[in-house]
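Peer 1: What would the 3D arrangement of this be:
(2 chains)
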There are 2 protein chains.
Amino acid sequence: MNNKTITAPKGFLATGLFCGVKTSGKPDLAILHCPTGAVSAAVFTTNKIVSAAVTVCKEHARNAKTYAVVVNSGNANTCTGTKGFAAAKLMCAKTAQELNLKPQQVLLASTGIIGHTLPIEKITAGIAKAAKKLSNSPGGGLAFAKAIMTTDTRCKQAVRKIQIRGKIITLAGTVKGAGMVGPNMATTIGILTTDVAISKTMLQKALSIAIGKSLNRLTVDGHQSTNDTAIILASGLAGNKPIREQDRNFKKFANALTELCTDLAKQMALDAEGATRMFTVVIHGAATKQQAFIAARAVANYDLVKCAIHGGDPNWGRIICAVGSCGVKLNPNKLSCTIGGIPVFRNGRSVSFNPKKVSRIIRRKEHTIVVNLGVGKYSDFCYGCDLSREYITINADYHT
Amino acid sequence: MNNKTITAPKGFLATGLFCGVKTSGKPDLAILHCPTGAVSAAVFTTNKIVSAAVTVCKEHARNAKTYAVVVNSGNANTCTGTKGFAAAKLMCAKTAQELNLKPQQVLLASTGIIGHTLPIEKITAGIAKAAKKLSNSPGGGLAFAKAIMTTDTRCKQAVRKIQIRGKIITLAGTVKGAGMVGPNMATTIGILTTDVAISKTMLQKALSIAIGKSLNRLTVDGHQSTNDTAIILASGLAGNKPIREQDRNFKKFANALTELCTDLAKQMALDAEGATRMFTVVIHGAATKQQAFIAARAVANYDLVKCAIHGGDPNWGRIICAVGSCGVKLNPNKLSCTIGGIPVFRNGRSVSFNPKKVSRIIRRKEHTIVVNLGVGKYSDFCYGCDLSREYITINADYHT
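Peer 2: Below you'll find the model as predicted:
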């Protein structure tokens, strides 16, 4: 069997179903279960306004072992006051009750509209139903992936396998998020599973590295939501000697996790609201690493660049304009830019190029813009996607 | 006669015509002439990449007297190297030659696509032609206003009259700019005229105040272009005693200029690429004035807010999300928001409101969003406009 879902690593059961939060009737409740208990790690939004789910999840993530994750879509449970906090607590308590756990052994995430009271009765009834449907089959994993979606048009899943000391380690993940996606996490709910044996400290370290190079490098509309959450559970059932500090296998694991998360981030970019293609912005020659990132994000976020890419238009002037106005140090006489490897701008001057050829590159599913600021030795990157009429259509009427 | 153009103040002649820069055949060259000489002041983009026109204009703006302003649209003369610099110089030299001036008595601005060589022969031929057409009639001013437009769908003009010590002072202006418009100036070419008698220092001060409260408070897509330029010429022919430092009439003049520029900024917002309506974001309760502005700009720039406003959707969650993620200090338990005066969010909680009523307010030509961050006493504001499918259509294929 070829399981491409979060139930691929050993030790995980999952499911998803419709419990009544979404008016569309699409799946809106998902549970992941690790009956033997997992080491967990998590990263969250840095938005100053956060969902009650984030507050509760942060608290529960400190627990040594995690046995389950419950996620609802369709309602963010954000700006919902003490009632929202109680509802988040109840989601964990109900899941714990159904699976014979303590509430703090359950993590949670919510995603959807902000400021609406969570229909908690529907969710608790759904949890009772879902707990009976949990399965380690690909079907269980797929149902989970579908139930966390909001405006996503397809579910995003990825699996990686590596060997550590002769043992096969499986890593898997699913993410949702299509709009309200900006660096320092996309509007992401990311749920990752692995059967590696690893300490909690090292798992958190690996997750921070992986998210830092993937989801935190993705921008759809420049803003992080109030609910961004990425969680990883490691069941330890692969049988490897547990990875602890100064283990040379840590790097191997962290790299595999980064690859997995990059795959998921690119799937998100390509399924961003209205997006038809994605692109990577690489900045070289920056004065600091942070300035390299600021410039990369400025280009990836710039609506005029995103529109030009949508139109397959090699309008490098907008790229130059974006880096020029984002506040980073640059040398106007050394500033250079390539699109898909083709120089379009060098040492502050336009370069003659074949616009049709560059346009064909831009129209691909994925291409890379490289800008050299000409002042230092630092580099960084960001993923972005084009901006289409469809984005407006989706977002002009989401609420009503 | 009722002159609503930049030739309304005493002492100004203007014209505009098609010289061959634009492929559309629309007017692309404009000249303003003040035969008696004017005191001038100017403000420019802070983008680190600037047009050759900006470089030359900055130099000429230091001159005590200005007699003419020449503007071309359709080509930004940016990233065009030494050739571009020579072309900018030649634009002034040719205008000076035709009008019997010194080159440094001529200011200039260019707007349009970046990185293309300016067709300077067409422009110099156009200047010779335009110099013979200069007129102090409303027709001359209107021709000027039309010739500076790029993707603008209509020309923006405004006139104000005030009395200073019994003398009638006239102020007038025209601006262009519809995309690539972000605080610290819109993609603006703004040309202002007045017949007030005023010192160069005080004119510069008045212009800085007025632009700071108007064009620098407007964001269409969050980025300032490489060419943003606002110029004011004061002929001094109104006959008032010249305004110098510590003159109590300075405030009256600066207020009138601010009003005029605000009127022009709002016209720009309403004519922004694809825009159907505008809005003002007011931030109260910020820890510093700068943080108030950052938060106001974050809301006005946030694509999801702009889309919601396009859809007439009272989706305050996105407003809260924008202020939460822009990095400013706020108190989540005191955060409050009103739309068109109607409370939608108070002390960190949603407030029950009539969504149809709020939607009707949003669908007006203009409405105001007020957010209180709940941490300090500082306020600031920003103007924005909605984001429509039309913006994408305009910007996906501008180049080709």
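
Peer 1: Rounded mean pLDDT for stretch A:34-45, please.
Peer 2: What stretch A:34-45 shows for mean pLDDT is 95.

Peer 1: Please state the offset of it from the chain centre?
Peer 2: When distances are taken as CA atoms, centre = their mean, to the nearest Å, stretch A:34-45 is centred 16 Å away from the chain's centroid.

Peer 1: wait, does the helix or strand hosting A:Met91 make contact with chain B?
Peer 2: Under the criterion of DSSP states H and E, A:Met91 resides in helix A:81-99. Yes - counting by CB under 8 Å from any CB of the partner chain, chain B has neighbours in helix A:81-99: A:Gly81. C-beta: built from backbone N, CA, C; applies to glycine.

Peer 1: what element comes up after that helix heading to the C-terminus?
Peer 2: Note on helix A:81-99: by DSSP H and E, the next helix or strand toward the C-terminus is strand A:106-113.

Peer 1: Could I get the buried residue list for the helix or strand that that following strand is followed by?
Peer 2: Sequence order places helix A:120-131 as the next helix or strand after strand A:106-113, per DSSP H and E. Of the residues in helix A:120-131, A:Ile120, A:Lys122, A:Ile123, A:Thr124, A:Gly126, A:Ile127, A:Lys129, A:Ala130, A:Ala131 count as buried by neighbour count, 16 or more other CB atoms under 10 Å in any protein chain shown.

Peer 1: now stretch A:196-211
Peer 2: A:196-200, A:202-211.

Peer 1: and those residues, which two are the farthest apart?
Peer 2: A:Ala197 and A:Ile211 (21.3 Å; CB to CB).

Peer 1: Grab the nearest non-local neighbour of the residue of the stretch 101-250 of chain A found nearest chain B.
Peer 2: Closest contact between the stretch 101-250 of chain A and chain B, by CB to the nearest CB, is at A:Ile114 (2.8 Å). Distances taken as CB to CB, 6 or more residues apart in numbering or on different chains put B:Gly317 closest to A:Ile114, at 2.8 Å, once the chain neighbours are dropped.

Peer 1: for A:Glu390, same thing?
Peer 2: Nearest non-adjacent residue to A:Glu390, counting by CB to CB, 6+ apart: A:Gly274, 3.2 Å away.

Peer 1: I'd say that neighbour and A:Thr393 touch.
Peer 2: Yes - using CB atoms under 8 Å, A:Gly274 makes contact with A:Thr393 at a distance of 7.2 Å.

Peer 1: elements contacting the strand of greatest length in chain A?
Peer 2: Of all segments of type strand in chain A, defined using DSSP state E, the longest is strand A:29-44. For strand A:29-44, the contact count by 3 or more CB pairs under 8 Å, 6 or more residues apart in numbering or on different chains; DSSP states H and E identifies strand A:13-17, helix A:52-61, strand A:66-75, helix A:120-131, helix A:138-147, strand A:189-194, helix A:200-212, strand A:229-234 as packing neighbours.

Peer 1: I'd like those laid out as TSV, including mean pLDDT and distance to A:Val299.
Peer 2: Formatted as TSV, the helices and strands packed on strand A:29-44 follow (pLDDT from 0 to 100; distance: least, CB to CB, whole Å):
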stretch	mean pLDDT	distance to A:Val299
strand A:13-17	98	37
helix A:52-61	96	30
strand A:66-75	96	31
helix A:120-131	98	41
helix A:138-147	97	31
strand A:189-194	96	25
helix A:200-212	95	19
strand A:229-234	96	25
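
Peer 1: Determine which of those approaches B:Ala300 most closely.
Peer 2: Taking CB to CB, helix A:52-61 is the member of the helices and strands packed on strand A:29-44 nearest to B:Ala300, at 26.3 Å.

Peer 1: how about the closest one: buried residues?
Peer 2: Across helix A:52-61, burial judged by 16+ other CB under 10 Å covers A:Ala52, A:Ala53, A:Val54, A:Val56, A:Cys57, A:His60, A:Ala61.

Peer 1: By residue count, which helix of chain A is the longest?
Peer 2: Longest helix of chain A, by residue count under DSSP state H: helix A:249-270.

Peer 1: after that helix, next one along is what?
Peer 2: Assigned by DSSP H and E, the successor of helix A:249-270 is strand A:278-286.
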